[in-house]
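# pasting the sequence and the predicted model now:
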Amino acid sequence: MTKLSVNINKFATLRNSRGGNNPDIVKAAVDAQRFGADGVTVHPRPDERHIRYQDVYDIKQVISTEFNIEGNCQEQKFIDLVLAAKPDQVTLVPDALNQITSNHGWDTIRHTEYLKKIIQVFKKAAIRVSIFVDPVIPMVAGAAETGTDRIELYTEAYAKKFHLNKEEAIKPYLKAATKAKELGIGVNAGHDLDLDNLKYFAQNIPWLDEVSIGHALICDALYMGFENAIQLYKRQLLST
């Protein structure tokens with residue numbers, strides 16, 4: 001079954017908008033685990049505008065489910081954080097400084113040598129590595145050359161096209177995921193997956209290892225409750 005990792009960045013955004021510790025980010029991580037999430041994802045950025053670096057250390061101490069840290073590995077502070085926290089997985093994202101949200105994958109051909117070196121840094125620390133990739137065959141093939149364990153397919157384009165033509169929307173992702181499978185690397189996915197489009201995506205890529213979902217799930221949780229939202233998302237994956 002495809003695993004659900006819940007990205008709790010939005011809890012931190014809400015906390016930081018007011019100051020103090022409400023909502024409690026560590027409690028959000030513990031509750032995500034308690035409510036059935038297969039993993040917890042955080043994406044700290046250099047300005048700490050949502051997840052703070054201390055949050056990462058605090059969460060690591062209290063959860064037993066899979067811990068995934070996303071971020072820009074071109075920042076030394078991020079590298080140091082990951083090596084110190086030792087999560088189960090690190091997802092490398094080519095974010096620019098002050099970028100609002102991730103909006104593209106790695107050019108794995110242009111950055112092959114850099115990615116090879118940084119991936120080995122994390123793998124030597126026994127941390128599984130996934131890299132953010134667009135659903136483009138040459139980029140998937142390039143990812144395999146870097147030594148990464150997995151790719152994470154950037155799914156914004158799929159989400160945007162889903163209601164117009166879901167069959168066309170899934171095509172490049174199915175091709176990319178198939179290529180990854182042929183090359184022996186795992187497949188994660190994330191960005192704008194929600195209760196409408198998740199099931200179809202997972203049904204068409206049954207070897208999908210993991211989805212990381214934050215914004216849509218937390219928005220749904222405002223209406224449905226956090227536990228109910230997690231269970232509804234997991235149900236989309238179970239039904240595949």
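Cool, the structure landed.

# need the pLDDT of Asp95.
We have a pLDDT of 70 for Asp95.

# am I right that it is in a helix?
No - counting by DSSP: H, G, I helix; E, B strand; the rest coil, Asp95 is not part of a helix but coil.

# give me every residue that touches Gly184.
If a contact means C-beta atoms under 8 Å, 6 or more residues apart in numbering, then Gly184 has Ala144 as its contacts. Where C-beta positions appear, they are placed from N, C-alpha and C, glycine not excepted.

# separation between it and Lys27?
Plainly put, Gly184 is 39 Å away from Lys27 if you go by C-beta to C-beta, to the nearest Å.

# likewise for Lys60?
15 Å.

# okay, the two: which has more neighbours?
Lys60 (19 against 15; other C-beta atoms under 10 Å).

# helices of the protein, start to end?
Along the chain, counting by DSSP state H, helices occupy 9-18, 25-34, 53-62, 76-85, 112-124, 137-146, 156-161, 166-183, 198-204, 215-224, 226-238.

# so what does the last one touch, helix or strand wise?
In this structure, helix 226-238 makes packing contacts with strand 3-7, helix 25-34, helix 198-204, helix 215-224, judged by 3 or more C-beta pairs under 8 Å, 6 or more residues apart in numbering; DSSP states H and E.

# same check on the shortest one?
Counting contacts by 3+ C-beta pairs under 8 Å, 6+ apart, helix 156-161 is packed against helix 166-183.

# tell me what the helix it packs on is packed against?
Using 3+ C-beta pairs under 8 Å, 6+ apart: helix 166-183 touches helix 137-146, strand 150-154, helix 156-161, strand 186-190, helix 198-204.

# what residues are up against Leu14?
Counting by C-beta under 8 Å, 6+ apart, the residues that Leu14 touches are Pro23.

# my read: Leu237 touches Ala202, true?
Yes - counting by C-beta atoms under 8 Å, Ala202 is a contact partner of Leu237 at 5.4 Å.

# now do the shared contacts for those two.
Shared contacts of Leu237 and Ala202 (C-beta under 8 Å, 6+ apart): 2, 211.

# out of the helices and strands packed on helix 166-183, deepest packed?
strand 150-154 (a mean of 27; mean count of other C-beta atoms under 10 Å).

# that one - contacts with which helices or strands?
Partner elements for strand 150-154 (3+ C-beta pairs under 8 Å, 6+ apart): strand 128-133, helix 166-183, strand 186-190.

# give me that answer again for 10 Å
Applying 3 or more C-beta pairs under 10 Å, 6 or more residues apart in numbering; DSSP states H and E, one finds that strand 150-154 contacts strand 89-92, strand 128-133, helix 137-146, helix 166-183, strand 186-190, strand 210-213.

# so how far is it off the chain centroid?
Its chain's C-alpha centre and that of strand 150-154 lie 8 Å apart, by C-alpha atoms, centre = their mean, to the nearest Å.

# tell me the bridge partners for the residue nearest to the spatial centre of the chain.
Nearest residue to the geometric centre of the chain (C-alpha atoms, centre = their mean): Ser212, 4.1 Å. Per DSSP bridges, the residues bridged to Ser212 are Ser5, Gly190.

# for it, give its distance to Asn21.
From Ser212 to Asn21 the distance is 24 Å (C-beta to C-beta).

# as CSV, the helices and strands packed on helix 166-183 with mean pLDDT and distance to Ser5 would be great.
Output for those, formatted as CSV (pLDDT from 0 to 100; distance: least, C-beta to C-beta, whole Å):
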stretch, mean pLDDT, distance to Ser5
helix 137-146, 97, 19
strand 150-154, 98, 10
helix 156-161, 97, 17
strand 186-190, 98, 8
helix 198-204, 97, 13
